[in-house]
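Participant: Generate a structure from the sequence data that follows.
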Amino acid sequence: MNVISTLEGQLVVGGAALLVLLLLAWWLHRRGRASPVAKRFRAIAVDALVDVIVPNGMGGEIHLDHVLLTARGLVVIDIKDVQGIVFASDRMDDWTVIGSDSRYTFANPQPALYDRVAAVRSVVPDVPVAGHVLFSDHADFSKGTPREVIQPEGLVKLYQKPPKDELRTLVDAFRPHWERLKEESVPLR
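Facilitator: All right, here's what the predicted structure looks like:
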């Protein structure tokens, strides 16, 4: 009986140790392969809200993919991960992507972005709020880039962090507004 209890105890401890090692390996794997977009966000943002619902200013609610607290204020980001040549303009209702083996269209994302920016401005009216539709580096806008469309490198250039002292001063000025937005937001996850 003692041999069985000892063996069962060793199996439980061994199983728990294996589970901890698997979780650690998974976490290290996920951390090491952070998306290029996530890395760019960390390069420009002091804090972020991801996948939240906020009041839209008209009695309803609206979903936000990403809102970043930067040295220049708040930045609403909608992400489009497409590969290929993107035919788009401010006036087109549908945008087209032609990839190496596919062609598809999607609704112009600008109107939805403008609604999201307006919703954030209604919650925090006293701070600068900008918005961008962020396309991956694999999107080619060789025929022209619509307003508010940006790619990762352009995002980093536009919102590059200033020196630490200046960054702290700017972010401290935005912090109360950021906290209000956080209080008004409801995470979807």
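
Participant: shaky segments in this structure?
Facilitator: 1-36 (pLDDT under 70).

Participant: Going along the chain, name the strands of this protein.
Facilitator: Here the chain has its strands, by DSSP state E, at 47-55, 61-70, 73-80, 84-87, 94-98, 103-107, 129-135, 139-140, 149-150, 186-187.

Participant: Name every strand pairing with the first one and say which way it goes.
Facilitator: Right, strand 47-55. Pairing partners of strand 47-55, with direction, according to DSSP bridges: strand 61-70 (antiparallel), strand 186-187 (antiparallel).

Participant: Give me the contact list for the first one.
Facilitator: Which is strand 61-70. Residues outside strand 61-70 that contact it (C-beta atoms under 8 Å, 6 or more residues apart in numbering): 41, 44-56, 74-79, 115-116, 119-120, 159, 161, 171, 174, 178, 181, 185-186, 188. Every C-beta, even on glycine, is put in place using the N, C-alpha and C of the backbone.

Participant: Check the shortest one too.
Facilitator: Around strand 186-187, the neighbours that count as contacts under C-beta under 8 Å, 6+ apart are 51-54, 61.

Participant: among those residues, who's most crowded?
Facilitator: Counting neighbours by other C-beta atoms under 10 Å, Val54 comes out on top of the contacts of strand 186-187 with 23 neighbours.

Participant: before we move on, the earlier item: nearest to Lys143, of the contacts of strand 186-187?
Facilitator: Here the nearest of those to Lys143, counting by C-beta to C-beta, is Asp51; it sits at 31.7 Å.

Participant: correct me, but the closest one touches Arg189?
Facilitator: Yes - with contact defined as C-beta atoms under 8 Å, Asp51 reaches Arg189; the gap is 5.7 Å.

Participant: Reformat the strands of the chain as a markdown table; add distance to Asp165.
Facilitator: Putting the strands of the chain into a markdown table (distance: least, C-beta to C-beta, whole Å) gives the following:
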| stretch | distance to Asp165 |
| --- | --- |
| strand 47-55 | 18 |
| strand 61-70 | 16 |
| strand 73-80 | 18 |
| strand 84-87 | 40 |
| strand 94-98 | 42 |
| strand 103-107 | 43 |
| strand 129-135 | 23 |
| strand 139-140 | 36 |
| strand 149-150 | 27 |
| strand 186-187 | 32 |
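
Participant: Select, out of these, the one closest to Glu166.
Facilitator: strand 61-70 (12.4 Å).

Participant: Name the residues of that closest one that are buried.
Facilitator: Neighbour-count burial for strand 61-70, with 16 or more other C-beta atoms under 10 Å as criterion, is recorded at 62, 64-70.

Participant: distance of the residue nearest the centre of the chain from Val86?
Facilitator: For the chain, His66 is the residue whose C-alpha lies nearest the centre (C-alpha atoms, centre = their mean; 3.9 Å). Remark: distance between His66 and Val86 (C-beta to C-beta, to the nearest Å) = 20 Å.

Participant: All good on my end, thank you.
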